[in-house]
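Fold the following for me, if possible:
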Amino acid sequence: MLTIIIKYNAIFFIILSFFYGQRIISQTDTLNKFNTNGKKTGYWKILLDEKVNPTKNISDSYFYCFELWDNGKRITPRARHKWKKNKLTIDKTIPYKGIPTLISGTFKWYDHKGRLICEEVYRSGNPLYFKSYRSKKSDTTEYIYEDIDFTKKYNGIPGTFYVEMHSLIRPESEKYWFRKGPKGWKPYKIEN
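Numbering: from 1, shown residues only. So this is what the prediction gives:
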């Protein structure tokens with residue numbers, strides 16, 4: 001009988017520790033915070049419409065994501081899609097309008113000729129990859145123009161990421177780290 005009581009007390013303690021531990025963690029959260037100068041800092045929740053563009057109204061939102069800010073400067077870039085006539089495909093079912101869900105999945109935009117022009121991949125509200133495509137006028141082959149890998153971090157620093165810019169006329173690409181340096185947050189070219 002004593003072992004059964006000890007077993008149930010242990011289970012109760014584990015469950016209690018889980019809920020209490022979650023409470024402690026949530027108190028140190030930096031979501032939607034300002035620094036002492038009144039500037040945005042840390043991660044901010046951003047509402048997105050059906051074209052994955054930021055919106056201020058929850059009633060117009062389908063998704064939400066997180067953006068990283070440092071002393072009032074947005075670090076995590078968000079593509080602002082100005083394409084009205086381009087087709088968007090999503091590898092998941094689109095959520096209900098006004099009930100935003102955390103953005104995850106692959107989002108692809110196609111032009112009026114059916115050519116892929118942009119691809120974005122998200123997981124748990126954060127960007128993983130962004131690729132834009134171009135094609136030559138004389139050729140229908142699509143080439144990667146811009147390739148951003150948010151999973152690669154400069155010295156493991158949050159908010160940093162790897163960028164490759166490709167040319168349609170030159171075979172070599174330019175490589176950058178988007179990071180904070182002497183001139184602030186910007187792409188810094190990687191020298192070979």
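
Helix or strand next in line after the helix or strand bottoming out on mean pLDDT in the chain, which one?
Lowest by mean pLDDT, DSSP states H and E among the helices and strands of the chain is helix 2-27, with a mean of 38. Using DSSP states H and E, the helix or strand that follows helix 2-27 in sequence is strand 33-34.

which non-adjacent residue is nearest L128?
V121 (4.5 Å; CB to CB, 6 or more residues apart in numbering). From N, CA and C alone the C-beta is placed, and that goes for glycine too.

wait, what's in contact with the one you found?
G105, T106, F107, P127, L128, Y129, F130 (CB atoms under 8 Å, 6 or more residues apart in numbering).

Is it within a helix or a strand, and which one?
Going by DSSP H and E, V121 is part of strand 116-123.

Quickly list what the residue nearest to L128 is bridged to.
Using DSSP bridges, the bridge partners assigned to V121 are T106, Y129.

now it: how far from F130?
Look at V121 and F130: by CB to CB, to the nearest Å, they are 8 Å apart.

again with G156
Applying CB to CB to G156 and F130 gives a distance of 20 Å.

who's more crowded, these two?
F130 (21 against 6; other CB atoms under 10 Å).

Quick check: the more buried one touching I148?
Yes - using CB atoms under 8 Å, F130 is in contact with I148, at 4.2 Å.

how many neighbours does the nearest residue to G159 once chain neighbours are set aside have?
Excluding the flanking residues, the one nearest G159 by CB to CB, 6+ apart is I75, at 4.0 Å. Counted with other CB under 10 Å, residues neighbouring I75 total 18.

how much space is there between I75 and T89?
For I75, the distance to T89 - CB to CB - is 28 Å.

Next, the distance between the ends of stretch 153-171.
End-to-end distance of stretch 153-171 (CA to CA, to the nearest Å): 25 Å.

list the buried ones in stretch 61-72?
S61, Y62, F63, Y64, C65, F66, E67, L68, W69, D70 (16 or more other CB atoms under 10 Å).

Between all of those residues, which two are separated the most?
The most widely separated members of the buried residues of stretch 61-72, counting by CB to CB, are Y62 and D70 (27.7 Å).

so G159, which of the three states?
coil (DSSP: H, G, I helix; E, B strand; the rest coil).

So what are the sheet partners of the helix or strand hosting I148 and their directions?
Here I148 sits within strand 142-149, counting by DSSP H and E. Paired strands of strand 142-149, with direction, are strand 126-135 (antiparallel), strand 161-165 (antiparallel) (DSSP bridges).

Would you mind finding the most buried of the ones you listed?
Comparing the strands paired with strand 142-149 by mean neighbour count (mean count of other CB atoms under 10 Å), strand 161-165 comes out on top with a mean of 20.

for the record, mean pLDDT for the very next helix or strand once past that one?
Note on strand 161-165: by DSSP H and E, the next helix or strand toward the C-terminus is strand 174-181. Average pLDDT, strand 174-181: 95.

What of stretch 38-56?
92.
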